[in-house]
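A.B. asks: structure, please.
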Amino acid sequence: MLRIDIAEPVLRWAINRTQTPIENLKNTQDFKLVEEWLSGTTRPTLRQAEKLAKKAGIPFGYLLLAEPVNDLPDMVDFRTVDSKRISELSPELEDVIHLCQARLNWYIDFAREVGETSPALSGQYRITDNSMQVAQSILNEIDWYPGKRESGRKRVLTLSDDIEKLGILVMRSSVVGNDNSRKLSMEEFRGFTLMEDHFSLIFINGADYKVGQLFSLAHEFGHVLLGAPGLSGGRNEHREIERWCNQFAAELLLPECEIITKWREIGDVEAMIEWGYQNYGVSADTVAWKLVDTNLLSRDRAVEFLRALPRMPSTETTGGNFYNNTCSRLGHRFTETVTGALVDGLISQQEASRQLGISKTQTLNELVRRIHEVDYQGVA
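C.D. replies: Below is the predicted model:
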């Protein structure tokens, strides 16, 4: 019986990627000897190694290497719950990052071919710049109006569109690609940003509730404005950057002058939170910390109040119109660029299908028709 030698660090890494406790793994037929594999008293068979690779979501060849593979892009920023740093990534998050990196690379190459320059605002600010002043400056650059009465979903879409008009890709999904069985965890991450050569892609975890998605979008936009150099520092700089992006996002979504005026009118935290949600679509956290930052509420009182609040559930669903979902998951800018290149004959149908994750010709043709309002038939 053929057995496979797997280096102990690689074996432990692969087992961790399964996201299944060893106690649970060893109760299954394929992995009942997992503890003996780790101790070196026996080795997995070829079939068992293949099963491990599949469960870990990695190519089988990765198990034959001397060290675990780390092929994630260097320049990636994550927004997590409570701004915690990520040490280990789930297979789902890794795969989403790879998909987004491939799409960003394609977009950059295509933009260069057609003579499109990188977004002008990317990397134009530093953490030494006043975040609130930057937010006010950005409000003059985009169509976003913080106080517009819209549903939570509409607010996210509106701000996404405004950011995309600046040349920044925005994607949002609660699953890996189009696979509804591979769901993303809000507890792991709320959003991330990829940056390369002043081009950027913001990804928002659609499993988050809408006020969370809105804040993540504004927060990651702040990272884009700071640019890649703002992500290269150590632990302390990470905290400074997160604080800067949080303050920028809060000001972009709920201007300080508005909250000061309203506080003078009602002067009640609970009423302020309801007002912030109804009129600006922001969370209780955003309102409370804006009150703290403007010296209208003590930090201890804010912490006490927020701890007593129940967490809102996610409202994201994986149903609905496939074509609308495609534009939401991939962003209008990327989807329109790929389908437009297809219509103009600049890329093949196979390339368009690969970038959009659409295998059926009829489905791709219908997406093109809906976006560009042309009777595109493509290749049958």
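
A.B. asks: hey, let's count contacts and neighbours off CA atoms from now on
C.D. replies: Noted.

A.B. asks: under the pLDDT cut-off, which ranges of the stretch 101-250 of the chain? List them.
C.D. replies: Residue ranges of the stretch 101-250 of the chain with pLDDT under 70: 228-238.

A.B. asks: and the strands in it?
C.D. replies: Counting by DSSP state E, counting those that start in this stretch, the stretch 101-250 of the chain has strands at residues 169-173, 175-176, 179-183, 191-196, 199-205.

A.B. asks: Throw those into TSV and include distance to L25, thanks.
C.D. replies: Shown next, in TSV, are those (distance: least, Cα to Cα, whole Å):
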stretch	distance to L25
strand 169-173	30
strand 175-176	24
strand 179-183	20
strand 191-196	30
strand 199-205	29
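
A.B. asks: ranking these by burial, who's on top?
C.D. replies: Compared across the strands of the stretch 101-250 of the chain, strand 199-205 shows the largest average neighbour count, a mean of 28 (mean count of other Cα atoms under 10 Å).

A.B. asks: quick one: contacts of that one?
C.D. replies: 100, 104, 108, 118-119, 122, 167-174, 184-186, 189-195, 213, 216-217, 220-221, 224 (Cα atoms under 8 Å, 6 or more residues apart in numbering).

A.B. asks: parallel or antiparallel, list what pairs with it.
C.D. replies: Strand 199-205 has its sheet partners listed here by DSSP bridges as strand 169-173 (parallel), strand 191-196 (antiparallel).

A.B. asks: please save the CA atoms from the shortest one in CSV.
C.D. replies: Meaning strand 169-173. What follows is strand 169-173, C-alpha atoms only, in CSV (Å, rounded to 0.1, in the frame of the first residue of the first chain):
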residue,chain,number,x,y,z
LEU,A,169,-13.1,48.1,-8.0
VAL,A,170,-15.7,47.2,-5.4
MET,A,171,-17.0,43.6,-4.9
ARG,A,172,-19.4,42.2,-2.4
SER,A,173,-20.4,38.7,-1.6
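
A.B. asks: contacts for that strand next, please.
C.D. replies: Against strand 169-173 from outside (Cα under 8 Å, 6+ apart): 104, 160, 163-164, 200-207, 328-331, 333-334.

A.B. asks: quick check, pLDDT for G320.
C.D. replies: Predicted confidence (pLDDT) for G320: 60.

A.B. asks: try the one 10 residues further on
C.D. replies: pLDDT recorded at L330 is 94.

A.B. asks: ok now do it, which residues does it touch?
C.D. replies: Contacts of L330 (Cα under 8 Å, 6+ apart): V170, M171, R172, L356.

A.B. asks: repeat for L2
C.D. replies: Here L2 is in contact with T45, L46 (Cα under 8 Å, 6+ apart).

A.B. asks: tell me the phi and psi of L309?
C.D. replies: For L309, the backbone dihedrals (degrees, to the nearest 10) come out as phi -90, psi 140.

A.B. asks: quick one: contacts for it?
C.D. replies: Counting by Cα under 8 Å, 6+ apart, L309 has no contacts.

A.B. asks: and D161, by the same measure?
C.D. replies: H332.

A.B. asks: kindly list the longest helix within this structure.
C.D. replies: helix 91-113 (DSSP state H).

A.B. asks: starting at the chain centroid, how far to that helix?
C.D. replies: 13 Å (Cα atoms, centre = their mean, to the nearest Å).

A.B. asks: name the helices or strands packed onto it?
C.D. replies: strand 175-176, strand 199-205 (3 or more Cα pairs under 8 Å, 6 or more residues apart in numbering; DSSP states H and E).

A.B. asks: I figured S298 hits K290, correct?
C.D. replies: No. Look at S298 against K290 with Cα atoms under 8 Å: they stay out of range, at 10.8 Å.

A.B. asks: tell me which of these two has more neighbours.
C.D. replies: A direct count of neighbours by other Cα atoms under 10 Å for S298 and K290 places K290 higher, at 22 against 14.

A.B. asks: give me the element that one is part of.
C.D. replies: Assigned by DSSP states H and E, K290 belongs to helix 284-293.
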